[in-house]
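>>> Okay, predicted coordinates and the sequence, questions at the end:
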Amino acid sequence: MTILQENTPLAPFTSFGIGGPARYFAQAGSADELRELLRYARQKGLDYGLLGGGTNLLVSDRGFDGLVIRVAFGEVRRVGDAIEAQAGADLTGVVHQAAAWGLSGVESLAGIPGMLGGAVRGNAGAYGGCIGEVCSSVRALNARTLDFADFPREECRFGYRDSRFKREPGLVVVAARLELAPGSAAEIRERVAATLARRAARNLQCERSVGSFFMNPLVQDPGLIGRFESDQKVRSRDGRVPAGWLIDQAGLRNLRVGAAMVSNLHANYLINTGEARAEEVLSLASLIKERVRAATGVQLQEEVSCLGFPGAAPPPVQGVPAQPAGDSPPASPTAIPRNSEKASPKEA
Ligand SMILES: Cc1cc2nc3c(=O)[nH]c(=O)nc-3n(C[C@H](O)[C@H](O)[C@H](O)COP(=O)(O)OP(=O)(O)OC[C@H]3O[C@@H](n4cnc5c(N)ncnc54)[C@H](O)[C@@H]3O)c2cc1C
């Protein structure tokens, strides 16, 4: 049985600490429960939204008029030199577990907050590494057909902060297999500790933010790339220039809209300094985009995901008409019975 709550505030489930309530909220304690919740959303004609660690999510002030499902299953196991982890596993926990097992390949991901499912969807990465590099397959649940399917790496379309699962929100990441290399546990632990120390030195983990708000854009202008390289004494990576550097070029550090502010420590971190509203964050983001475009000619694009804004939620489960008035979901908390019935092939 899965418990469905009503009118649940979402802000406490996000690192931004922003956002209104979910009309319905439930925690999926297993892949099967996740499937039953999606089936329930479909039966009731509800939109659904997914939540992992909430560390890359901006929730609307009005909340979400549908069912928010928190992915709360996170078993991690070793299979030879690989790790198979479920979507709700804490990413840094997986990194520590890999080190304890003497498995190398994810050290650079240490300290990235959030869960494995969110990391796979956004191909999270840091310090030159990303999860897509070690992910050999992903198990996903198709929210439309309610079938599980395995996607080998070549079908996952990993790119910079991108994957098939981001582009096709109807595919919910359930688990992933990380192909690692055996090594000295002590040395791997040292590398993990070095990554964590490097992150801690930037002092950013305690800000209420979603990490980098904008993606690092591909820059066409060789003059701008040259300016970045001589200013920062580092090479541009794959033609990308850090969004934070561009925001600095526009002189926007500490810029505020209400309680939302560009961090003084990192210009690509927008922070909630108190009781910031999502509207304030969005206004600040628009202002930044406009001014960066004016100063550098570059159009920034958000890395953060949005929930509860028009056009931002995953599409309603397809093929299901909205329920007629009067057939509203029951009051909460409600127990959803398990149902092992499969979706009809016609809907696949
Ligand atoms: C202080 C700080 C530092 C950060 N540093 C980095 C960094 O160095 N590198 C980096 O890449 N990111 C960084 N981030 C951003 C964030 O941690 C990552 O994007 C993380 O992978 C998001 O995972 P999550 O579980 O919190 O996802 P959530 O925020 O819960 O969700 C993000 C999106 O993924 C969807 N989603 C969640 N779970 C699933 C699933 N199982 N299947 C399909 N879709 C799903 C959600 O619906 C939402 O659209 C940072 C964030 C913070 C707050």
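Perfect, I can see it now.

>>> okay, CA-based contacts and neighbour counts for the rest of this
Will do.

>>> Compute the distance between the most centrally placed residue in the chain and G54, please.
Closest to where the C-alpha atoms of the chain average out (CA atoms, centre = their mean) is G118, at 3.9 Å. Distance of G118 to G54, given as CA to CA, to the nearest Å: 9 Å.

>>> and what of V210?
8 Å.

>>> Any part of the helix or strand where the residue nearest to the centre of the chain lies near the ligand?
Using DSSP states H and E, G118 falls within helix 116-122. Yes - using CA under 6 Å from any ligand atom, helix 116-122 reaches the ligand at G117, G118, A119, R121, G122.

>>> try stretch 145-157
No - residues of stretch 145-157 are not located near the ligand by CA under 6 Å from any ligand atom, the shortest gap being 12.4 Å.

>>> Which residues belonging to that stretch are considered buried?
Buried residues in stretch 145-157, counting neighbours by 16 or more other CA atoms under 10 Å, are found at T145, L146, F148, D150, F151, R153, C156, R157.

>>> did I read that right, E280 in a helix?
Yes - assignment of E280 by DSSP: H, G, I helix; E, B strand; the rest coil places it within a helix.

>>> What segments of this protein are helices?
With DSSP state H, the ranges of helices along the chain come out as 31-44, 91-100, 116-122, 164-167, 185-201, 222-232, 243-249, 278-296.

>>> What's the mean pLDDT across the second one?
Same thing as helix 91-100. Helix 91-100 shows a mean pLDDT of 98.

>>> With the fourth one instead?
Averaging pLDDT along helix 164-167 yields 97.

>>> V134 against L178, yeah?
Yes - the pair V134 and L178 qualifies as a contact (CA atoms under 8 Å) at a distance of 5.2 Å.

>>> Pick out whichever of these two has more residues nearby.
Set side by side, V134 and L178 show more neighbours around L178, with 25 against 19, by other CA atoms under 10 Å.

>>> Hmm, V138 and the more buried one touching each other?
No - under the criterion of CA under 8 Å, L178 is not in contact with V138, lying 9.1 Å apart.

>>> If we ignore the residues flanking it in sequence, what's nearest the residue nearest to the centre of the chain?
Of all residues not flanking G118 in the chain, G52 sits nearest, at 6.0 Å (CA to CA, 6 or more residues apart in numbering).

>>> before we move on, what about L46?
In this structure, L46 finds its nearest non-sequential neighbour in G66, 5.2 Å apart by CA to CA, 6+ apart.

>>> Kindly report the same for Y48.
Closest to Y48 by CA to CA, 6+ apart is L67, at 4.7 Å.

>>> How about the contacts made by that neighbour?
For L67, the contacting residues are A22, R23, Y24, F25, A26, A41, L46, D47, Y48, G49, by CA atoms under 8 Å, 6 or more residues apart in numbering.
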